[in-house]
Each structure stands twice: as C-alpha cells, then as structure tokens.
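Asks: Make a model of this:
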Amino acid sequence: MRKSLREFNPDNIAELDLHMWQAYYGHNFLRLFFLLVALVQEQFGLNYLRAVQAAFYAASAAVDFRKNKGNENRERILKKLTRFSALVSRYALEQYDYEKVAELELDWWFVDRYPEKYPSGAREKGLGLAMSAIYNVEPSKLDMYARYRAEAMVLQDEAEKQGVTVDWKNVDILLHQSYKSLHEAVKG
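Replies: Numbering: from 1, shown residues only. The predicted structure follows:
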C-alpha cells in the first residue's frame with residue numbers, strides 16, 4: 001500500500017531529525033541507522049523491511065560523507081543516495097525524479113559542510129530545492145522550511161567551530177518550526 005508523502009506528523013519528524021543529528025555528530029552511526037528506519041517509516045510510509053533497506057543506503061551515504069571530510073567521493077555517496085531516493089519514490093503515492101532528488105540532496109550536504117565556498121543563502125536554497133523536487137511544489141513555498149532548518153544547521157556549525165556543546169534545545173525548536181512549515185506548504 002502506497003502512502004502519500006504529504007501525510008506526515010511534523011512533530012514526530014522533527015524529533016527524529018533532532019536525534020539523527022545528535023547521532024550523526026556524535027558518531028553514533030548504529031543509532032543513526034535505527035533512527036533512519038523510524039524516519040523512513042514515519043515520513044515516507046515504507047514498511048519495515050523496505051525502511052531498513054532505505055535506511056541502510058541513507059546511513060551508509062551519511063557515514064561515508066561524515067568520515068571522509070575533505071576527501072568525499074561524490075560519485076559513491078550519490079549512488080547510495082540515489083538508491084535511497086529510488087526506494088522512497090517507488091513506494092510513494094506521488095513519485096518523483098529520484099535521481100534529481102539525490103543530486104540536490106548531496107548538493108546541499110556540500111553547501112552545509114563548506115558554506116564559505118558558496119554565496120550567502122545557498123544553504124536555504126539547496127534545502128528548498130531538494131524538498132521541492134520531492135513534493136513537486138515551487139521552491140519559494142518552502143522558504144520558511146529552509147530558513148528554519150538552515151538556522152538550526154548554523155547553530156550546530158557554530159558550536160562545533162567553538163568547541164562547545166550544541167544548543168540542542170534551540171535546534172529542536174527550529175526543527176519543529178521547519179517541519180511544521182514544510183507540512184503546511186505541501187499538505188494541500
């Protein structure tokens with residue numbers, strides 16, 4: 001049974017995303033994998049076995065990207081993201097161009113990792129473009145989603161640069177605002 005990608009609980013997604021960030025930045029990759037399984041089931045409606053498969057591809061891409069900072073193999077990571085995106089699209093009520101989505105996803109990963117190499121606003125633009133390709137909406141409809149999520153990313157980046165603990169409470173607030181905005185933009 002296929003599920004509409006537009007039907008998700010934004011609070012549940014925000015909570016899962018927050019915990020995924022904590023696992024990713026804490027190098028707790030096994031936890032990241034299990035959180036991805038839950039996220040794929042919650043947000044995209046895949047059954048457990050397909051969610052495990054999709055989470056394997058997504059977690060593998062994320063771990064590869066995390067562990068190879070400065071020496072990323074774009075082609076290898078993109079292949080994993082494409083497999084993830086293809087699975088989600090294949091079993092969704094609203095299918096999308098999974099290759100384009102994977103490329104856009106990886107593009108904003110690089111913008112997030114190396115913001116100094118990109119123009120101001122590139123992070124927000126990248127986030128909006130990736131989600132607009134999934135939900136088939138104008139990227140401008142996702143401006144608030146992208147802005148809140150990018151603000152959360154900046155909080156994490158600044159804490160990492162300063163060698164201090166991330167303000168997870170504010171990250172959590174921003175992620176909730178982000179996913180509520182996304183839900184509002186795509187549900188109708």
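Asks: ok, and the closest non-adjacent residue to Tyr57?
Replies: Of all residues not flanking Tyr57 in the chain, Phe84 sits nearest, at 3.9 Å (CB to CB, 6 or more residues apart in numbering). Glycine gets a C-beta too; all of them are placed from N, C-alpha and C.
Asks: okay but the one you found is in contact with Ala58, surely?
Replies: Yes - using CB atoms under 8 Å, Phe84 is in contact with Ala58, at 4.5 Å.
Asks: low pLDDT regions in this protein?
Replies: 1, 188 (pLDDT under 70).
Asks: Pull the distance from stretch 49-69 to the chain's centre.
Replies: 12 Å (CA atoms, centre = their mean, to the nearest Å).
Asks: Mind listing residues that contact it?
Replies: With contacts defined as CB atoms under 8 Å, 6 or more residues apart in numbering, stretch 49-69 is touched by 24, 27, 29, 32-34, 36-41, 44, 46, 72-73, 76-77, 80-81, 83-84, 87-88, 91, 106, 109, 113.
Asks: Buried among those? Make that a PyMOL selection.
Replies: This is how PyMOL selects the buried members of the contacts of stretch 49-69, with burial counted by 16 or more other CB atoms under 10 Å:
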select buried, resi 24+32+33+34+36+37+38+39+40+41+44+46+72+77+80+81+83+84+87+88+91+106+109
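Asks: So which of the contacts of stretch 49-69 sit within helices?
Replies: 24, 29, 32-34, 36-39, 76-77, 80-81, 83-84, 87-88, 106, 109, 113 (DSSP state H).
Asks: you'd agree Phe8 is in a strand?
Replies: No - counting by DSSP: H, G, I helix; E, B strand; the rest coil, Phe8 is located in no strand; its state is coil.
Asks: I figured Arg2 hits Ala92, correct?
Replies: Yes - using CB under 8 Å, Arg2 is in contact with Ala92, at 6.1 Å.
Asks: Which one's more surrounded, these two?
Replies: Set Arg2 next to Ala92 and count neighbours by other CB atoms under 10 Å: Ala92 wins out with 19 against 12.
Asks: was I right about the more buried one contacting Val40?
Replies: No - contact criterion CB under 8 Å: Ala92 and Val40 do not qualify, at 11.1 Å.
Asks: could you pull out the strands for the chain?
Replies: Read by DSSP state E, the chain holds no strands at all.
Asks: residues shared between the contacts of Arg2 and Ala92?
Replies: Common neighbours of Arg2 and Ala92 (CB under 8 Å, 6+ apart) are Gly45.
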